[in-house]
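[1] Sharing a model prediction with you, sequence too.
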Amino acid sequence: MTPAAALDWLLAARPWSFTMTAISVSVGAALAARDGAFSWPLYGLTLLAAVLMHAASNLINDYDDVRSGVDDPAVPTANYRPHPLLVRRLSLTAVRNAAFGLYALAALIGIALAVARGPAVLWLGLAGTAAGIAYTAPPFHYKYRALGEVSVFLMWGPLMVSGAYYVQRQAFSAEALLVSLPFGLLVALVLLANNLRDVEHDRRKGIRTLPILLGARRGMSLFLALIVLSYAAVAAMAVAGPLPRLSLAVLLSAPIGLRLLKRMATDMPLDADAQTARLDTVFGLLLVASMIAG
């Protein structure tokens, strides 16, 4: 494989989005460590399987979007980041096969973890895989039915955090579920920002997204409300439990959110989703660091 081809595959997998997966897994593992159980090998395997599934989902979603004509040269995403599949530097068949290959590798790790830690790991993995494939694949393609944000919230919030906790503790935790909610909301905002930017393009393609159903103004109000709710939830849990007081450090990322909101309200940036992902990363790293220090 030439360096150029390797770069195309790297860009298609969108590795910059993996920080959100790493944070979700780390939050679950940190909570398990607080409760008395932590294994670096188990953490590493969980993180690897989750990243492989994330990369596979990115590839299969782009495959479906391009194959169905939803993504074309006019899609706003193509104006701020390279899209190797859209410009045919990668073939549809190769991307589809690579996605299923990554899912298969993740499944092998999942089976090993299920044998070692319990069958719940396998069911969580199957749920994540089904959600990733059905996101844009027919007949469900629920991203086009205004359900994408809900799925992203559930996958990167309760499922991933609780799954990482379960691998360490072989049990589920109500506190892990509670802590998963604010970060899951922030990850869902990455998709909401993407959909707010793409309203006109999606409308022309006959796609229904939350901003199309709600209208751009209400969509922005929802974006603001969910950011405020995420910060308020962490602050409340830092004061009343189960998070340590140090978790109030997430408020240090609030200026990033304020700048993003101001920018989106006045002139929607082409990279609104990437800027939202940056907010998620800073928020999440501060949360994980506070949990470790606490």
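    Looks like it arrived, so ask away.
[2] what helix or strand is residue 90 on?
    Taking DSSP states H and E as the definition, one finds residue 90 inside no helix or strand.
[3] If we ignore the residues flanking it in sequence, what's nearest it?
    In space, and not counting its chain neighbours, residue 90 is closest to residue 84: 4.7 Å by Cβ to Cβ, 6 or more residues apart in numbering. Heads up, the C-betas are built off the backbone N, CA and C, glycines and all.
[4] So the one you found is in contact with residue 92, correct?
    No. The criterion here is Cβ atoms under 8 Å, and residue 84 misses it with residue 92 at 11.5 Å.
[5] Neighbour count: the two, which is higher?
    Between residue 84 and residue 92, counting by other Cβ atoms under 10 Å, residue 84 is the more crowded of the two (18 against 14).
[6] Shouldn't the more buried one be within a helix?
    No. Per DSSP: H, G, I helix; E, B strand; the rest coil, residue 84 lies outside any helix segment and is coil.
[7] dump the residue contacts of the residue nearest to residue 90.
    By Cβ atoms under 8 Å, 6 or more residues apart in numbering, the contact list for residue 84 reads 8, 9, 11, 12, 90.
[8] quick one: it and residue 9, what's the gap?
    Applying Cβ to Cβ, to the nearest Å, the value for residue 84 to residue 9 is 8 Å.
[9] Give me the common contacts of the two.
    residue 90.
[10] Look up how far residue 86 lies from the closest residue to residue 197 other than its chain neighbours.
    Leaving aside its sequence neighbours, residue 197 sits nearest to residue 272 (Cβ to Cβ, 6+ apart; 4.7 Å). Distance of residue 272 to residue 86, computed by Cβ to Cβ: 19 Å.
[11] neighbour count winner among the two?
    Legend: neighbour count by other Cβ under 10 Å for residue 272 and residue 86, higher for residue 272 (24 against 18).
[12] neighbours around the residue nearest to residue 271 when sequence neighbours are not counted, how many?
    What sits nearest to residue 271 in space, not counting adjacent residues and going by Cβ to Cβ, 6+ apart, is residue 80, at 4.7 Å. Other residues within reach of residue 80, judged by other Cβ under 10 Å, total 14.
[13] quick one, phi psi at residue 80?
    Per-residue torsions, residue 80: phi -130, psi -10 (degrees, to the nearest 10).
[14] Return the set of buried residues in the helix or strand containing residue 152.
    Element membership for residue 152, per DSSP H and E: helix 148-154. Going by neighbour count (16 or more other Cβ atoms under 10 Å), the buried part of helix 148-154 is 148, 149, 151, 152, 153, 154.
[15] which residue ranges form the helices in the stretch 51-200 of the chain?
    In the stretch 51-200 of the chain, the segments counted as helices under DSSP state H, counting those that start in this stretch are 92-117, 120-134, 148-154, 160-169, 174-197, 199-204.
[16] Which strands and helices lie in contact with the helix holding residue 152?
    On a contact count with 3 or more Cβ pairs under 8 Å, 6 or more residues apart in numbering; DSSP states H and E, helix 148-154 meets helix 174-197.
[17] CA atoms only for the helix it packs on - export them in PDB, please.
    This file holds the C-alpha atoms of helix 174-197, laid out as PDB (Å, rounded to 0.1, in the frame of the first residue of the first chain):
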ATOM      1  CA  ALA A 174     -26.600   2.600  38.400                       C
ATOM      2  CA  GLU A 175     -23.900   5.200  39.100                       C
ATOM      3  CA  ALA A 176     -22.000   4.400  35.900                       C
ATOM      4  CA  LEU A 177     -25.300   4.700  34.000                       C
ATOM      5  CA  LEU A 178     -25.900   8.100  35.600                       C
ATOM      6  CA  VAL A 179     -22.400   9.400  34.900                       C
ATOM      7  CA  SER A 180     -22.700   8.200  31.200                       C
ATOM      8  CA  LEU A 181     -25.600  10.600  30.500                       C
ATOM      9  CA  PRO A 182     -23.900  14.000  30.200                       C
ATOM     10  CA  PHE A 183     -21.100  12.800  28.000                       C
ATOM     11  CA  GLY A 184     -23.500  10.800  25.800                       C
ATOM     12  CA  LEU A 185     -25.500  14.000  25.300                       C
ATOM     13  CA  LEU A 186     -22.400  15.900  24.200                       C
ATOM     14  CA  VAL A 187     -21.400  13.200  21.700                       C
ATOM     15  CA  ALA A 188     -25.000  13.400  20.300                       C
ATOM     16  CA  LEU A 189     -24.400  17.100  19.800                       C
ATOM     17  CA  VAL A 190     -21.700  16.400  17.300                       C
ATOM     18  CA  LEU A 191     -24.300  14.900  15.000                       C
ATOM     19  CA  LEU A 192     -26.800  17.600  15.900                       C
ATOM     20  CA  ALA A 193     -24.300  20.200  14.800                       C
ATOM     21  CA  ASN A 194     -23.700  18.300  11.600                       C
ATOM     22  CA  ASN A 195     -27.400  18.200  10.900                       C
ATOM     23  CA  LEU A 196     -27.900  21.900  11.700                       C
ATOM     24  CA  ARG A 197     -25.200  22.700   9.200                       C
END
